[in-house]
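Chemist: What shape does this take:
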Amino acid sequence: QVQLVASGGGLVQPGGSLSLSCLASGFDFSSYAMSWYRQASGKERELVAEISRFSDTTKYGDSGKGRFTISRDNRKQMVHLQMNNLKPEDTAVYYCYVEMWKNGAPYDYWGQGTQVTVSS
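Modeler: Numbering: from 1, shown residues only. The predicted model follows:
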């Protein structure tokens, strides 16, 4: 079955950096775009970044533009999110995500989430 296991979260001071990773299994990783979302307490889940199957296209939510970088390694079936110059408002649970289409219907798969806390 599809599994997305995120890691790398933690506590960091404002201005610091963190690198998140997501290990995927149970599907043909290189056939799907991958994304990171985040959800802060009391807020809706929002797109952080998305990367196409072969890394030729990336898209970023407004919150991470210029500070975050998404990348992937299809051989290792991993997607990464490098976050620099972190701000307290980046505090959230970060989720790895993939959407698959089967028989004309979309299926959403989410990782378990990893907590990122930015605080002094």
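
Chemist: what ranges do the helices span in the protein?
Modeler: Along the chain, no segments are classed as helices by DSSP state H.

Chemist: Tell me which stretches of it form strands.
Modeler: 3-7, 10-12, 18-25, 34-39, 46-51, 58-60, 68-73, 78-83, 92-102, 105-110, 114-118 (DSSP state E).

Chemist: Enumerate the positions of the third one that are buried.
Modeler: For strand 18-25, the neighbour count (16 or more other CB atoms under 10 Å) marks Leu18, Leu20, Ser21, Cys22, Leu23, Ala24 as buried. Backbone N, C-alpha and C define where each C-beta goes, glycine included.

Chemist: now swap in stretch 47-62 and tell me
Modeler: By neighbour count on 16+ other CB under 10 Å, the buried set for stretch 47-62 is Leu47, Val48, Ala49, Glu50, Ile51, Tyr60, Gly61.

Chemist: now do stretch 40-48
Modeler: Neighbour-count burial for stretch 40-48 flags Leu47, Val48 (criterion: 16+ other CB under 10 Å).

Chemist: Convert the C-alpha atoms of it to PDB, please.
Modeler: Coordinates of each C-alpha in stretch 40-48 appear next as PDB, following Å, rounded to 0.1, in the frame of the first residue of the first chain:
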ATOM      1  CA  ALA A  40      -0.800  25.400  11.500                       C
ATOM      2  CA  SER A  41      -2.900  25.100  14.600                       C
ATOM      3  CA  GLY A  42      -6.400  26.500  13.900                       C
ATOM      4  CA  LYS A  43      -5.700  27.100  10.200                       C
ATOM      5  CA  GLU A  44      -6.400  25.200   7.000                       C
ATOM      6  CA  ARG A  45      -3.900  23.000   5.300                       C
ATOM      7  CA  GLU A  46      -2.000  24.900   2.700                       C
ATOM      8  CA  LEU A  47       0.400  24.000  -0.200                       C
ATOM      9  CA  VAL A  48       4.000  24.600   0.600                       C
END
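
Chemist: got the contact list for it?
Modeler: 35-39, 59-61, 63-64, 68, 70, 81, 89, 91-95 (CB atoms under 8 Å, 6 or more residues apart in numbering).
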